[in-house]
Structure formats: C-alpha cells, structure tokens
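> Predicted model and sequence follow; I will ask about them next.
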Amino acid sequence: MQAEARLAETWVATKGLLFDMDGVLISSTASVNRCWKQWCKLYGVANADSFEVPHGIRAVDIVRMLKPEFDEAQVAEALRAIEDLEIEDTGDTVALPGAKALLEKLPAKRWAIVTSATRRLLLARLAAAGLSVPEQLISGDMVARGKPDPEPYRRGAELLGLAPDECVVVEDAPSGVGAGVAAGCGVLGVLGTHPLSELEGATWLVRTLKEIEVRVRADGLELGFALVGVDK
C-alpha cells in the first residue's frame, strides 16, 4: 500500500484543536532516542543500545515497564533522571514545518497542547524550538493515566470548555491516535514519525502541518487540507 495525496480539498469544522507536541509541533525524536539509550545504560537495562523507545508514551510509564521492580520513590528518581537528560539535550530540537505559522493563526482559547512529556520538559522543548507556551496545556504529569488512555484528551477538551466531539486531535503516534479516538474526538493524523499503516483509526491524514489551512469563525474553526489516502 502507498500513501497518495488526493487533489480534492477537505474542509472540517471544529470548535477546538488539541495538539500533541513531539512529532507534531516539534522534532525531538533524535534527542529522545539518544537520552533513553543513555538512561538504559545508567539503569542497567539489557541491550540498551538497541532499545526502541515507544513514542507517545509517558516517561513514567516507560520507566515502570523497564523497571517493574522499582517502588514509587525509585520510579520518581528514575523519571527525574530521564527528564534531566532530555532537558539538557535540546540542541537539535526544532519546530516542524508549518507548526509556528499554524499556531499563530489560532485564537488562544481555541487550542491546547496535550503531551506525554512532563510540564518541565514541555517548556524546555518549546523554548528550544522557538514556539510560544499556550494558555492551555495538559502535560504527562497532570494526568493519572497517559496515552493511549483517553484521559489526556478528555482533559484537554475540558480545558477549552468543550466536549471531546467538538475537538480535533492532531497526532503522529499510534498511542495518541488511540487516545483521541477513545476520547471521542476527531483525529487528524500527521505522517512523519510513523507510517500510514500504524495510524489506523485516524479520521483524516496529512503529510505535514504546512498542508493545513485555517479559517477562524465566530463559533470555531475550519480546517482545510488535502487528504492522504491509501491506494489499495
């Protein structure tokens, strides 16, 4: 199967946008991979050099997966360690194509960031990428259950004063797509970090944020984009 851009433009009406951060607004994959390999070596994880990070999952959940024997104090210490490594490694963190221009067109009350990163890491990465901190955000340390659980996106919709089905989630990772779908939101998948075949469940698909047009209306937003489909 191959992804192909369809010429017909699609317009979608929504009242709010809920953006994932890493892989949607900013490029941080290289840093994530470097830091987790380093963390795995520090904590004696087998095959540290070949560890593949499950992107879109909270660091605390990865720590618990890799170190199930850790008590809560040890988990907190290990989480702080990976957070420190990632905050120090933002040299090649940049805004992804179209992100800054799109966000600047949106009314502040109409969008939020919903990320698996901690608030401290979110702030560091946005600063490194030259993106403004939104008025509304949900970070991984603000929820009891991370993606793919629907809690983060339900909380994001609540922040905007909207029902989940009044929002569109913008995601690049399978866990985030699953969270958005489970929350009851429409999901706009962005290709880049994962192939089309892994974003099954997304309502729509685009290649980059550069392809998205936005119209601001009194009662919400309209998004225009060329669909990416599957040639069977």
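That came in fine, so what should we check first?
> domains for the chain, by residue range?
Following automatic domain parsing, one gets these domains for the chain: 2-27+92-231, 29-88.
> Pick the most deeply packed of these.
domain 2-27+92-231 (a mean of 19; mean count of other C-beta atoms under 10 Å). Using the backbone N, CA and C atoms, a C-beta is placed for each residue, glycine as well.
> coming back round to it: could I get the domains of the chain in CSV, plus columns for mean pLDDT?
CSV is the format used below for the domains of the chain (pLDDT from 0 to 100):
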stretch, mean pLDDT
domain 2-27+92-231, 92
domain 29-88, 94
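> C-terminal to the longest helix anywhere in the chain, what's the next element?
Longest helix in the chain by number of residues (criterion: DSSP state H): helix 72-88. Next helix or strand after helix 72-88 toward the C-terminus (DSSP states H and E): strand 94-95.
> What are the contacting residues of that next one?
Here strand 94-95 makes contact (C-beta atoms under 8 Å, 6 or more residues apart in numbering) with Leu25, Ile26, Ser27, Ala128, Ala129, Gly130, Leu131.
> can you do 10 Å?
For strand 94-95, the external contacting residues (C-beta atoms under 10 Å, 6 or more residues apart in numbering) are 25-28, 101, 103, 125-126, 128-131, 209.
> Would you check which pair of the residues you listed lies furthest apart?
The span of these, defined through C-beta to C-beta, is set by Ser28 and Ala101 at 19.4 Å.
> so Arg110 touches Leu159, yeah?
No. Contact criterion C-beta atoms under 10 Å: Arg110 and Leu159 do not qualify, at 11.3 Å.
> hey, what's in contact with both of the two?
By the contact definition C-beta under 10 Å, 6+ apart, Arg110 and Leu159 are jointly contacted by Gly16, Gln136.
> between the contacts of strand 94-95, which is closest to Glu83?
Closest to Glu83, out of all of those and judged by C-beta to C-beta, is Arg125, at 11.3 Å.
> orientation of the host helix or strand of that closest one relative to helix 72-88 in degrees?
Using DSSP H and E, Arg125 sits in helix 119-129. With axes from the mean of the first three to the mean of the last three C-alpha atoms, to 10 degrees defining the directions, helix 119-129 sits at 10 degrees from helix 72-88.
> now what about helix 119-129, what contacts it?
By C-beta under 10 Å, 6+ apart, helix 119-129 touches 21-22, 25-28, 31, 59, 80, 82-84, 86-96, 99-100, 113, 115-118, 131-134, 137-142.
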